[in-house]
Structure formats: C-alpha cells, structure tokens
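Student: Sequence and predicted model, in that order:
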Amino acid sequence: MLLAHRIRLDPSLDQRDYFTRAAGTARRVWNWALAEWQRQVALGQRPNAMALKKRFNRIKYTDPDWLDEHGQPWLRAIHRDAHAQPFANLARAWTRYVEQRRAGQPAHPPRFKKKGRCRDSFYLANDKFRMEGLAVVLPRIGRVLLREPLRWPGKIMGASVSRQADQWYLSVQVEVPEQLAMRSRTGDTVVGVDLGLRAAVTLSSGEKIAAPRPLKTALRRLRIRSRRQSRKLEAAKKASGVTGPIPKGFRLPVSKNRTKGALALARLHARIARVRADFTHKLTTRLCRENQAVAIEDLNVRGMLANHKLARAIADVGFHAIRRQLQYKSARYGTRIVLADRWYPSSKLCSGCGVRNGELTLGERVWTCAACGIRHDRDVNAAVNLQRLATGALAAHTALPEASQAVTPGTAAGTAPAVGGEVTPARHECGQHDGSGQEEYAAHVCARF
Ligand SMILES: [Zn+2]
C-alpha cells in the first residue's frame, strides 16, 4: 500500500534559498516544456515528453535563455531531479486531461505556472536522498532537519519538497507492506453519514458533529489583509505610472512591505487549510476505525459549488476531502464505504415505514410522516436511511437498485475483510490509538501521483 508522510522541514536560510531556486527551476522547466508542447501541437506534430526532455538536456547548458549574467549555466547549481521531473508530470497532466474529457468530465488542459500563484515544489528520486532519524540528507544541500521522524516502515519510492506560505514540507512516499499498513478497528457497527451545512455531519446514531468552518471565522481578518495587499499593489502601480491592468511582461517593483503583506495573507490561508484538514482527518479516521461499513451520499460537490450562495459554506466544511479520505482510509481499516446514488432520496424516505415524502422542502428541518406519524429530524432520518442502505449492501453483496456499492481498492467486493461482521485482526500496531485521530493528523495522504 502506497502511503505518504508529509513532514515539516526546518531548513536553514541557505537551504530555504536552495528550495526556492529548485522550485523555481521546476516551474520554469514546466513552462518551457508546455510551450514546446503547444508549439508542436500547433504544427500538427505529436509531442512526446521523453523527446522534449532529450532536447532540453541538449540545450540546458548552452542556450542563452538558461545562462546567467556571467554566461554560466545556472541549472548546474540545482539537482537534476528538479528539472527532469516536470517532463513526466506534463505527460501525465495531458493524459489525465484527455481521459477526463473522454469520460465527459469537466477538465482543463495543463496551464502555465506563475510565480507566486502556483504550488512551489520539486521532486526527489528515491536514490538521491536518505532519511536519518530527524533529518533528511538531500543532494547539493546536505542535512535538513525534520520536525518528526518518518512514520512508515517500507521501501521509499520518492519524495517531493513543497512550500505552504513560508513553511517547507517533505512528502515521502513509502510502499508499506500490506500487513504493516493495516489498522485494527475498535468497533464493528454500520453507520450512515449525512453531510449537511447546519450540522456538518449527522450520524445515524443521532450524533451531530459541527465542523469548525475556519474560513467563516477568518473571513474578516482575511478581508482586512487582502485589502491591505491590494492597496500596496495600487500604490506600486501608481509609483510606476501604470493605470489599468499591468501590461504583459511588465514587472512592478516589489517593496519589502508588499512582500511582508503577501506573507501575512498566505499564512492566514495556510492556517485556514490546516484547521479544516485537522477536522476532516480526525472525523474520517474515527468513522473508519469504529465501523465496519460507512454509508455516505455521493454528493455532487462540483455542482453544489456552482451555487454561489452555498459555495463558500460547502467548501469550508471540506466535503470533497471527507469523501476522498474515507475512501483511502477505509482500505487500511478494512472498512467498507457504501456510496448512495446521487439520486437516492435519503432525506425524503421515512426511516420508520419507508414511505416517500415528496413534498419535503430544503427548509424543513423537522417533519412528521403522514403514513406512520413519526416525527423526524431531517438529518438524522437521512443518516438512518443511509445506514439501512449500507446494512442491505453488506447483507446482499450485490448492488441495490438505488445504490451503487463503491468499493475501495483492496476491499473489492467479496474479498473485503470486514464483510460478515468480523473485525479485522490487529496484525501490527504502531502509532497512537486514542480517539483523537491524531495518528492520521493531516500528515499522511494516500499517494495518488
Ligand atoms: Zn413513516
């Protein structure tokens, strides 16, 4: 099982400088490759990432575009992994784009990366670095301190260094043997999970969990910092006599205060993301750990985000992250994830008698079933219906007419260790096992590269 551990780095000033230059190199090579790719497509050729890389390798130490002011090739100072990987990434990005378009999903072709607007990162092949307890030894710069040691045993497959605001992280992908990656569950129940906006998460047990909504909390501060930043930008434009949009290729002078302001804004965004990730990780770990099956709605998150009035609230809870984390964590706990069909009327069915209440509107939080007279809390009722669906799916082993069984890799139908009410045995225990979910805290994601 491929797992990734994202570890905060403690680089020295020189090392930070190297990271910035390496990430900048990766960005510039990506842009070069993308421009070449588009040029070849325009000429009716079929571009190929390997051929592009070969061409780049021929020119990278001689082409004037890649020499510094002394006529020296500055790429020599950066380890080659940083400028070789963008070609592979670009090829993958095009493949994904073509596949998504073929499948009728919304997709956009690879875009140029803009300094300060893109994710700064660069890649390291597994034979080019090594882990030494609380440090990682990188090519060119040597030992960089880590905030925590690598969590997973197994074969290291590669790593990338990336930046979030002014913090650098090392994400190490490890191929962990299946029996070491598995976790034991503490419970064996079946739960239905209704995702909503009022209480972010309602469980079929009746429990309601509020999400922290960090964006809502920080919105005032965010607006203040954004406003300050845009004033500084306006001032810089005025000072250099630019009116209207900045002309292409023109660079505004960047003041110290503008850099500081940008950092303050980025830090706030990073904090918001961390608070949200903390919540979704703890929640999804808990759900997978305590249950043999979890049923959720297959929400059309993208469609919901198109509703401008709701978009901010929905994005703030992190519905998409909850879905994605449930899917990969379930493989480690042997938990089955049952996805209710997008059109399954979980809110409208009475969980007491099964009669459908077609007149239920979005505003009605509490309703009474006309057939059996049970008073329902809207969200709890929906969660109970989802739980039924999961129980049915577990018993039947086959897809219900109204629900599709989404089975996570490693728990393919019929081979799922949890089916039949068995608790996956604990073959290996490591890491914390309290109820806090700390073990998974924002630090690992199942690598999908
Ligand atoms: Zn009823």
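Tutor: Structure received. Residues are numbered from 1 along each chain as shown.
Student: Quick check: buried residues in stretch 33-52?
Tutor: For stretch 33-52, the buried set under the neighbour-count rule, 16 or more other CB atoms under 10 Å, comprises 33-34, 36-37, 47, 49, 52. Just so you know, the C-beta spots here come from the backbone N, C-alpha and C atoms, and that holds for glycine as well.
Student: mind checking how far it is from the chain centre?
Tutor: If you compare the mean C-alpha spot of stretch 33-52 with that of the full chain, they lie 29 Å apart, counting by CA atoms, centre = their mean, to the nearest Å.
Student: residues in contact with that stretch?
Tutor: 53, 55-56, 86-88, 90-91, 94, 110-112 (CB atoms under 8 Å, 6 or more residues apart in numbering).
Student: what's the answer for stretch 341-361, then?
Tutor: Applying CB under 8 Å, 6+ apart, the contact partners of stretch 341-361 are 192, 194, 297-300, 340, 367, 369-372, 374, 376, 378, 381-386, 388-389, 402-404.
Student: 7 Å instead, please
Tutor: With contacts defined as CB atoms under 7 Å, 6 or more residues apart in numbering, stretch 341-361 is touched by 194, 297-298, 300, 340, 367, 369, 371-372, 374, 376, 378, 381-382, 384-386, 402-404.
Student: One more: stretch 257-269?
Tutor: Contacts of stretch 257-269 with the rest of the structure, by CB under 7 Å, 6+ apart, involve 165-166, 218, 221-222, 225-226, 228-229, 232, 236.
Student: Now that stretch: buried residues?
Tutor: By neighbour count with 16+ other CB under 10 Å, stretch 257-269 contains the buried residues 258, 261-262, 265-266, 268-269.
Student: mind checking which helix or strand Ala293 is in?
Tutor: strand 291-297 (DSSP states H and E).
Student: can you give me the offset of that strand from its chain's centre?
Tutor: Distance, stretch centre to chain centre, for strand 291-297: 21 Å (CA atoms, centre = their mean).
Student: Listing partners with orientation, what would you give for it?
Tutor: Taking DSSP bridges as the criterion, strand 291-297 forms sheet pairs with strand 189-195 (parallel), strand 336-340 (parallel).
Student: For stretch 136-148, the averaged confidence score.
Tutor: Mean pLDDT, taken over the full extent of stretch 136-148, equals 95.
Student: now stretch 336-351
Tutor: Stretch 336-351 comes out at a mean pLDDT of 87.
Student: Is it correct that Leu170 is in contact with Leu138?
Tutor: No - the criterion here is CB atoms under 7 Å, and Leu170 misses it with Leu138 at 8.8 Å.
Student: quick revisit: can you name the residues in contact with the strand holding Ala293?
Tutor: In contact with strand 291-297 (CB under 7 Å, 6+ apart) are residues 187-193, 195, 287-288, 323, 326, 335-340, 346, 386-387, 389-390, 394, 418, 421.
Student: As a markdown table, the buried residues of stretch 257-269 with distance to the ion and pLDDT would be great.
Tutor: A markdown table is the format used below for the buried residues of stretch 257-269 (distance: CB to the ion, whole Å; pLDDT from 0 to 100):
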| residue | distance to the ion | pLDDT |
| --- | --- | --- |
| Arg258 | 62 | 91 |
| Gly261 | 58 | 92 |
| Ala262 | 57 | 91 |
| Leu265 | 52 | 93 |
| Ala266 | 52 | 92 |
| Leu268 | 48 | 93 |
| His269 | 46 | 91 |
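Student: For Asp17, give its distance to Leu263.
Tutor: Here Asp17 is placed at a distance of 16 Å from Leu263 (CB to CB, to the nearest Å).
Student: actually Phe250, not the one I wrote
Tutor: On the measure of CB to CB, Phe250 and Leu263 end up 23 Å apart.
Student: cool, Ile7 as well?
Tutor: From Ile7 over to Leu263 (counting by CB to CB), the distance is 22 Å.
Student: next one: Val338
Tutor: Here Val338 is placed at a distance of 44 Å from Leu263 (CB to CB).
Student: And for Pro109?
Tutor: In this view, Pro109 and Leu263 are 32 Å apart by CB to CB.
Student: Could you do Arg220 as well?
Tutor: Here the criterion is CB to CB. By it, Arg220 lies 19 Å from Leu263.
Student: Using PDB, list the CA coordinates for stretch 346-359.
Tutor: Coordinates of the C-alpha atoms in stretch 346-359 are reproduced here as PDB (Å, rounded to 0.1, in the frame of the first residue of the first chain):
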ATOM      1  CA  SER A 346     -32.200   9.700   1.700                       C
ATOM      2  CA  SER A 347     -33.900  12.800   3.100                       C
ATOM      3  CA  LYS A 348     -37.400  12.100   1.800                       C
ATOM      4  CA  LEU A 349     -37.900   8.500   2.800                       C
ATOM      5  CA  CYS A 350     -39.400   7.900   6.200                       C
ATOM      6  CA  SER A 351     -36.900   5.700   8.100                       C
ATOM      7  CA  GLY A 352     -39.800   4.300  10.100                       C
ATOM      8  CA  CYS A 353     -42.100   3.000   7.400                       C
ATOM      9  CA  GLY A 354     -40.300   3.700   4.100                       C
ATOM     10  CA  VAL A 355     -42.900   5.900   2.600                       C
ATOM     11  CA  ARG A 356     -41.600   8.700   0.500                       C
ATOM     12  CA  ASN A 357     -42.400  12.300   1.400                       C
ATOM     13  CA  GLY A 358     -42.200  14.000  -1.900                       C
ATOM     14  CA  GLU A 359     -43.200  17.400  -0.600                       C
END
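Student: how much distance is there from it to the middle of the chain?
Tutor: 35 Å.
Student: So is it next to the ion?
Tutor: Yes - using CB under 5 Å from the ion, stretch 346-359 reaches the ion at 350, 352-353, 355.
Student: Just the buried residues of those residues.
Tutor: Cys350.
Student: who are the neighbours in contact with the residue of the stretch 151-300 of the chain found nearest the ion?
Tutor: Among the residues of the stretch 151-300 of the chain, Ser204 lies nearest to the ion; the distance is 16.4 Å by CB to the ion. With contacts defined as CB under 7 Å, 6+ apart, Ser204 is in contact with 191-192, 383-384, 386-387.
Student: And it, its phi and psi?
Tutor: The phi and psi torsions at Ser204 (degrees, to the nearest 10) take the values phi -70, psi -10.
Student: For the protein, what lies in contact range of the ion?
Tutor: 350, 352-353, 355, 369, 371-372.
Student: do that again at 8 Å, thanks
Tutor: For the chain, the residues in contact with the ion under the definition CB under 8 Å from the ion are 350-355, 369-374.
Student: can you redo the contacts of stretch 257-269 as a markdown table with distance to Leu43 and secondary structure?
Tutor: Shown next, in a markdown table, are the contacts of stretch 257-269 (distance: CB to CB, whole Å; DSSP: H, G, I helix; E, B strand; the rest coil):
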| residue | distance to Leu43 | secondary structure |
| --- | --- | --- |
| Ala165 | 41 | coil |
| Asp166 | 42 | coil |
| Ala218 | 48 | helix |
| Arg221 | 50 | helix |
| Leu222 | 45 | helix |
| Arg225 | 46 | helix |
| Ser226 | 42 | helix |
| Arg228 | 47 | helix |
| Gln229 | 41 | helix |
| Lys232 | 43 | helix |
| Ala236 | 40 | helix |
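Student: That's all I had, so thanks and see you.
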